[in-house]
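please work out how this folds:
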Amino acid sequence: MPRGYKIRTDFDTLSKTINLLGSELGNVIKDQAGNKYFKIVEDIRLNSKKYRQTNNNKYLDIIFKTLQSLEPNEIYIITKAFTIFFYLSNIAEQVFRERTLENSNISVNKKNSKKLIFMPVFTAHPTESSRQSTLKKIYKIAEIIEANKSNSINEINSLITQLWYTREVRSTKPNPIDEVKSLIYYLDILYKDVYNKIIKDDEILTNAKNFELQFGSWVGADKDGNPFITTNITKEALKIYSSQILNIYKEQIVKFSEEFSISTDFVKSPKNLTKKIEEYKKILPKDYKHYKRVNFDEPFRIFLSLVFHRLDNFQKNKKGYKYFREFLDDLLLFQNSVLQIFGTKIKNTELDNFIAFVHQFEFHGVSLDIRQNSSVINSELGSEYSDFEKLIKDIPELQKIYGDRVFNSIILSMTSSEDDVLNLFNICKKYIPKENIPSITPLIEEIEELQKSHIILQKLLSNRQYKSFIEKFKNNNQEVMLGYSDSNKDGGIISSQWNVYKAQINLFKEGENNNVNITFFHGRGGTISRGGGPTYNSISAQPKGTISSQIRYTEQGEVVSDKYSTAYLGFENIKLGSVAFINESGNKLKVKIPNQKFLQELSDKSYDEYRSFFTDPNLIDYFERGTPVKLLSTLNIGSRPAKRTKNVKALQNYRAIPWVFGWAQTRNTLTGWYGSGTALNYMIKKYGINHVRKIYKNSAFMQNLISNVEMTLSKSDLKIARRYVDELLDEDALKIYKKILKESQLALSSIKKIKNIDELLDDNKILKNTLNVRNAYLDPLSLIQITLMKKMKKRKLNLIESNSLLLSVNGLAAGLRNTG
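As a prediction, the model looks like this:
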């Protein structure tokens, strides 16, 4: 393709855009590395494509043989080329997904007059393996594609060249403050480009006048299993969040200062405004002197300028505001002064909107959740408990400084009894006035706890002191968080989703019995096995009647960049979630689940099969030696340790995220389907295919489940997974591999029978084609990873090869998309 041609007509379809970006990447490889390297990359790509077209292993063997003959620097360049291709194709897909979202024909179908709160909560869970310096270059390419400008190919070439020379793998492990700074980029888009568009959206305003959008974060306050998040770190994080929102306020104050050039030649300065200026004259004498000279007859401008400097000096010295309430009072004083001059005839919508924005975000921006493990809370010993207690003690003062909603919830992970929650409640009421205690939120995470969650709630609400607290200070609302990740790791995909589904009904019913409104916080991850999937579908698939006045859900890792990297994507994803929430909220609870006995039996069968696999004593070696899970700490993609306890060799010790990430890297993705094959096959044999199809047709739960299993199964490639076994593991490991293979074959055949299709995703051609294209680029990265892991096993890796190995993990994560 000639350089410098007009690309307006070439960004009209996704395939053309990917081809264009791929072609320009090829030009960069030729320019920066040379034709020799470009030819190696092309030969590998073409052989991978032939393998996908013919299913003939000889093409994989050719690639593998080629890789064995290459020099370390050649391997590195090939790995880099395929990794950058995925960065480029991902951003192209994100831009074109905007059009799909725009034309989704999803709309609000009911009116709701109740107060509704919709709140995505951002977490720092480490599955985003790309560095910010890489992501920001990719986002610039997205802006060019979105604008579809002519003659932008040189700019794209320049950005790809910059990517080529950018180090992808982090040199050091990020600390919690680094993670806060990474989140700031996306929050800026949400504050400036998304929030006002959502709350002023005609469709939402018409149907849900009391709809409220809030943003939450765990980043900098999630203490569970992260010894690096101390009280001091949380306070430092708050300063960063605060600085961001205050900068937005200062921009608006400057704008209002230009607009309110009201002269005392024409109006008299309101008394309260004059009085406050005189007060600030003593606090900010130099600034007052300057503005009195420049704006001598403009008291409104003088006042706003002094407010600006008080904001600018917040937390720096005595010139600045000490508490949020001082700033809010100044804004309300200003608003009243404007009303005093102009009356109600002139409506200043922009000022009213700004004050509403300030009410929402106070001095903190996002509301933080504090999370800590029940074992720490219950011990009352050790540094983790002491530091947690220290943070609880500081909450009243932090609420004064940043605003009442600086902390939304205190989340108790691994809750297993009402005593866990009451212990937390007792700590809180010791140091915080009851009316200021944030929501106390039990996090129910494992299968056994999910099954008895309503009993835990019933015993909790039977405690008079706690029930009185809920009634008087929480408006009869009790939040419960549901853990998808650990329940999946504990019992497999079907058992996890079924028990979360049932728990919601049982918890909501128990709440009704006690005249308490139960709201759910969904601890969803990026992958299907961790509760991921399209937000609209996930919300719509919740049990009818269990979504009431509020819904919160976590946004984690690579999902954050996938959904919020552009203003349009951010708006559309929030809008879709909001629409689903409004449509589902306030429905009457349906306690009886259609086909409950069938679904319970399906879950039990799946659970038994999964547990027999998970408890295999040989699985730990298979997982640690046959996947790159141990490289995660070297990748430096998160501040939290991958294991709960150091030096303990047990699968239970792995957190859910590395458990999913490790399997995904080897193209197994079994965390999204293992156990489903045995269970579905058993039910088809027992009840007949027609009966199973009938239940599938009439059950929203079953449809969502099958769709999720089908998608993750389609991302598996057990032929590639077999290569990891053959090259890295002993012959005994084949027994485990064959078990995995058999389960995948059962899942594949069962889903095809139930849906009456010839191939997976036959009814979703766009996704099917996308995955097929991706596989041709994923396969070389998998073979590179196997080659280098084999060398690492023999301790023969040099520095360049070590970097290539880590880069292959990045590349596969980018290619597979939702990997954690």
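
isn't Lys321 up against Phe327?
Lys isn't right for residue 321; it's Tyr. Yes: if you go by CB atoms under 8 Å, Tyr321 and Phe327 touch, sitting 5.1 Å apart. (Each C-beta comes from the backbone N, C-alpha and C, glycine too.)

mind listing the shared neighbours of these two?
Arg310, Leu311 (CB atoms under 8 Å, 6 or more residues apart in numbering).

need the pLDDT of Ala642.
With respect to pLDDT, Ala642 has a value of 51.

my bad, should have said Thr634
pLDDT, Thr634: 61.

now do the contacts for Glu435.
Per CB under 8 Å, 6+ apart, neighbours of Glu435: Lys472, Phe473.

how close does it get to Phe473?
Distance, Glu435 to Phe473, using CB to CB, to the nearest Å: 5 Å.

just the element for Ile411, please.
Here Ile411 sits within strand 407-413, counting by DSSP states H and E.

what angle separates the next helix or strand after that strand from strand 407-413?
Downstream of strand 407-413, the first helix or strand assigned by DSSP H and E is helix 418-431. Helix 418-431 and strand 407-413 are oriented at 140 degrees to each other (axes from the mean of the first three to the mean of the last three CA atoms, to 10 degrees).

show me what helix 418-431 packs onto, helices and strands only.
Counting contacts by 3 or more CB pairs under 8 Å, 6 or more residues apart in numbering; DSSP states H and E, helix 418-431 packs against helix 374-379, helix 382-402, strand 407-413, strand 439-444, helix 453-461, helix 464-473.

can you redo those as JSON lines with distance to Leu631?
Below are these laid out as JSON lines (distance: least, CB to CB, whole Å):
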{"stretch": "helix 374-379", "distance to Leu631": "29"}
{"stretch": "helix 382-402", "distance to Leu631": "28"}
{"stretch": "strand 407-413", "distance to Leu631": "26"}
{"stretch": "strand 439-444", "distance to Leu631": "29"}
{"stretch": "helix 453-461", "distance to Leu631": "36"}
{"stretch": "helix 464-473", "distance to Leu631": "45"}
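
so which of the ones you listed is nearest Pro227?
helix 382-402 (7.0 Å; CB to CB).

what's that closest one in contact with?
Contacts to helix 382-402, defined as CB under 8 Å, 6+ apart, come from residues 223, 227, 230-231, 234-235, 238, 242, 315, 322-325, 362-364, 370, 372, 376-377, 379, 406-407, 410, 427-428, 430-433, 436, 438.

could you flag which of those are buried?
Buried members of the contacts of helix 382-402, scored by 16 or more other CB atoms under 10 Å, are 223, 230-231, 234, 238, 242, 323-324, 362-364, 370, 372, 376-377, 406-407, 410, 427-428, 432, 438.

now do the strands in the stretch 1-150 of the chain.
116-122 (DSSP state E, counting those that start in this stretch).

next: the chain.
Applying DSSP state E to the chain gives strands spanning 116-122, 211-213, 216-217, 367-373, 407-413, 439-444, 477-483, 517-523, 550-555.

just the helices in the stretch 451-600 of the chain please.
Counting by DSSP state H, counting those that start in this stretch, one finds helices in the stretch 451-600 of the chain at the ranges 453-461, 464-473, 484-491, 493-513, 535-540, 558-564, 567-584, 596-614.

mean neighbour count, the ones you listed: which tops it?
Stretch with highest mean neighbour count among the helices of the stretch 451-600 of the chain: helix 484-491 (a mean of 26; mean count of other CB atoms under 10 Å).

that one packs against which elements?
Using 3+ CB pairs under 8 Å, 6+ apart, helix 484-491 sits against helix 447-451, helix 493-513, strand 517-523, helix 596-614, helix 656-665.

distance check, Phe266 against Phe342.
Plainly put, Phe266 is 12 Å away from Phe342 if you go by CB to CB.

these two - which one has more neighbours?
Per other CB atoms under 10 Å, whichever of Phe266 and Phe342 has more neighbours is Phe342, with 13 against 8.

phi first, then psi, for the closest residue to that one other than its chain neighbours.
Leaving aside its chain neighbours, Phe342 sits nearest to Asn348 (7.8 Å; criterion: CB to CB, 6 or more residues apart in numbering). With angles defined as degrees, to the nearest 10, Asn348 sits at phi -100, psi 80.

in terms of pLDDT, where does Asn348 sit?
81.

that one: how many residues sit nearby?
Applying other CB under 10 Å, we find 16 residues neighbouring Asn348.

please renumber so the chain begins at 271
Got it, the first residue is 271 from now on, which makes the last one we talked about Asn618.

how near is it to Ile547?
Counting by CB to CB, the gap from Asn618 to Ile547 is 20 Å.

the longest helix seen in the chain vs helix 837-854, what angle?
Across the chain, the longest stretch assigned as helix under DSSP state H is helix 342-372. Orientation check (the same axes, to 10 degrees): helix 342-372 against helix 837-854 gives 50 degrees.

in helix 342-372, what counts as buried?
Under 16+ other CB under 10 Å, the buried positions of helix 342-372 are 342, 344-368, 371.

give the other helices and strands that that helix contacts.
helix 284-302, helix 305-324, helix 402-417, helix 423-434, helix 837-854, helix 1035-1063, helix 1069-1086.

with distance to Ala773 added, can I get these in TSV?
Putting the helices and strands packed on helix 342-372 into TSV (distance: least, CB to CB, whole Å) gives the following:
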stretch	distance to Ala773
helix 284-302	39
helix 305-324	42
helix 402-417	36
helix 423-434	45
helix 837-854	17
helix 1035-1063	30
helix 1069-1086	30
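
rank the ones you listed by pLDDT, which is bottom?
Minimum mean pLDDT among the helices and strands packed on helix 342-372: helix 402-417, a mean of 83.

and that helix, what does it pack against?
helix 342-372, helix 423-434, helix 446-459.

could I get those as CSV with distance to Gly761?
As requested, the helices and strands packed on helix 402-417 are exported to CSV (distance: least, CB to CB, whole Å):
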stretch, distance to Gly761
helix 342-372, 32
helix 423-434, 41
helix 446-459, 30
